[in-house]
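>>> Need coordinates for the below:
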Amino acid sequence: GETLTVQYFERARFEFVAEDEDGARVTVSMLGANAAAELEQIELVTMDGPCETPPGAGFDVCAPFLDYWNDFGGEASFGLPVTEPFEQEGMTVQLFEYARFEHQPGEWPERYDVLLGRIGAEELAERID
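The predicted structure follows:
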């Protein structure tokens, strides 16, 4: 089979795809979509605030996740939502193609109630075990 060159980051995994006339091309792995495919029983959470359904998405993104998604690159940075918000380990989370958003009000950094989950570190730990 083909060899895939990857580099893990705490909150993502990058893949070297090809080299073309513009140089190296790197993409972000779909770790959020992979995690969504492995979910079994989840408890959905209703979020307060405005919601939007991005074009091509089957799920809404609601505040405060919506604000974070819009402020930091939207679909290009995180992909489309692949789940509704749900309860996981005492938090409200939502999976996107490339990321896991976690609602952690009052956590560091204080100006954000939304943090990105450590999806890259978790994927790497599973591969090492």
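>>> By mean pLDDT, flag the weakest helix or strand of the protein.
One helix or strand of the chain scores below all others by mean pLDDT, DSSP states H and E: strand 23-28, with a mean of 80.
>>> same for that strand, what does it pack against?
With contacts taken as 3 or more C-beta pairs under 8 Å, 6 or more residues apart in numbering; DSSP states H and E, strand 23-28 sits against strand 12-20. To be clear about C-beta, it is placed using only N, CA and C from the backbone, and glycine gets the same treatment.
>>> coming back round to it: what comes up buried for the least confident helix or strand of the chain?
Residues V28 are the ones in strand 23-28 that count as buried (16 or more other C-beta atoms under 10 Å).
>>> ok, for A35, nearest residue in space, not its chain neighbours?
Nearest residue to A35 in three dimensions, chain neighbours excluded: L95, at 5.7 Å (C-beta to C-beta, 6 or more residues apart in numbering).
>>> Show me what the least confident helix or strand of the chain is in contact with.
A12, R13, F14, E15, F16, V17, A18, E19, G79, Y98 (C-beta atoms under 8 Å, 6 or more residues apart in numbering).
>>> Weed out the non-buried ones from these.
By 16+ other C-beta under 10 Å, those give A12, R13, G79, Y98 as buried.
>>> Return the set of residues that bridge with the first one.
On DSSP bridges, the residues paired with A12 through beta bridges are F9.
>>> all strands of this protein, in order?
Remark: strands assigned in the chain by DSSP state E are 5-9, 12-20, 23-28, 43-44, 51-52, 61-62, 86-88, 91-95, 100-103, 114-116.
>>> can you tell which of the ones you listed is closest to A125?
strand 5-9 (9.6 Å; C-beta to C-beta).
>>> Please identify the buried residues of that closest one?
Neighbour count says strand 5-9 has Y8 buried, by 16+ other C-beta under 10 Å.
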